[in-house]
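Undergrad: here are the coordinates; sequence isn't available:
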């Protein structure tokens, strides 16, 4: 990763966090983004996406991102068929490179977690037909025990600033190990019990390998969000 790319990543992650937390809602990296961060202390943009978990503020957050069309282009939306509030929103952004004419797109996936019956659920909509109104013919929810997120009955976060920008090469093929000392710290919000979360999503996650799709402690397939129990 070059210095320009690292600076852009810092700005992007701060923008996402400040936009959501600035409205009083909790957000944190999750799934593959969290896995890569805990394993290697970096945000690996080569995966093509950034996974963000959010507690509350569904309509407000989506409206805020939609208003930033210069940076965030909405590419997907899944809504609750009963409340019409967002369950998941996807945005495409252009990531800056300083030596290539190619400007790759990265997807920012916003997952709005719902707490029901002692579990937090997110909507997993893979292979589901998503009409223009965002209502699915069938919803797949993946659940994780509330204790994985909660501390004293509310979601608790931690912040880690030890991010490594030196895993990539610059245009001359040399490693950038010193970027941390040249750039301001990046504080990444993570679930307070992130290890417990990873144990659920990616069993044996400490073994470095391709882990694929995240797992769940409970899966519910429902025709309506009203049936989520």
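TA: Now that the structure is in, tell me what you want to look at. Please read all numbers here as calculations on a predicted model, not as lab measurements.
Undergrad: so where's this structure shaky on pLDDT?
TA: For the chain, residues meeting the criterion pLDDT under 70 lie at 1-2, 95-104, 126-132, 161-183, 208-212.
Undergrad: contacts for stretch 216-229, please.
TA: Here stretch 216-229 makes contact (Cβ atoms under 8 Å, 6 or more residues apart in numbering) with 80-83, 87, 114, 116-117, 119, 121, 124, 137-145, 200-201. Quick note: C-beta positions are derived from backbone N, CA and C, even for glycine.
Undergrad: nope, stretch 9-21 is what I meant
TA: Stretch 9-21 is contacted by residues 1, 26-27, 43, 45, 50, 52, 54, 57, 61, 64-65, 68, 71, 93, 108, 165, 183-184, 186-189 when judged by Cβ under 8 Å, 6+ apart.
Undergrad: so residue 158 touches residue 195, yeah?
TA: No: Residue 158 is beyond contact range of residue 195, at 10.7 Å (criterion: Cβ atoms under 8 Å).
Undergrad: phi, psi for residue 222 please.
TA: Phi and psi for residue 222, reported as degrees, to the nearest 10, are phi -130, psi 150.
Undergrad: any idea how many residues pack against it?
TA: 15 (other Cβ atoms under 10 Å).
Undergrad: distance of it relative to residue 34?
TA: 26 Å (Cβ to Cβ, to the nearest Å).
Undergrad: buried ones in stretch 196-209, by neighbour count?
TA: Buried residues in stretch 196-209, counting neighbours by 16 or more other Cβ atoms under 10 Å, are found at 197-198, 200-202, 205.
Undergrad: sorry, back to before: select only the buried ones of the contacts of stretch 216-229 in PyMOL?
TA: Entered in PyMOL, the line below selects the buried ones among those, by 16+ other Cβ under 10 Å:
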select buried, resi 80+81+87+114+119+121+124+139+140+141+142+143+144+200+201
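Undergrad: just the ones of the contacts of stretch 216-229 in strands?
TA: Counting by DSSP state E, the contacts of stretch 216-229 place 87, 114, 116, 119, 121, 139-145 in strands.
Undergrad: name the residues of the longest helix along the chain that are buried.
TA: In the chain, assigned by DSSP state H, the helix with the most residues is helix 3-21. Across helix 3-21, burial judged by 16+ other Cβ under 10 Å covers 5-10, 12-13, 16-17, 19-21.
Undergrad: same list, those residues, but as TSV with distance to residue 133 please.
TA: Below are the buried residues of helix 3-21 laid out as TSV (distance: Cβ to Cβ, whole Å):
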residue	distance to residue 133
5	37
6	39
7	39
8	34
9	34
10	36
12	29
13	31
16	26
17	30
19	25
20	24
21	29
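Undergrad: what's the most distant pair in these?
TA: 5 and 21 (24.1 Å; Cβ to Cβ).
Undergrad: please enumerate the strands of the chain.
TA: 26-29, 49-55, 73-79, 86-94, 105-112, 114-116, 119-123, 139-145, 150-151, 154-155, 157-160, 188-191, 218-222.
Undergrad: good, wrapping up.
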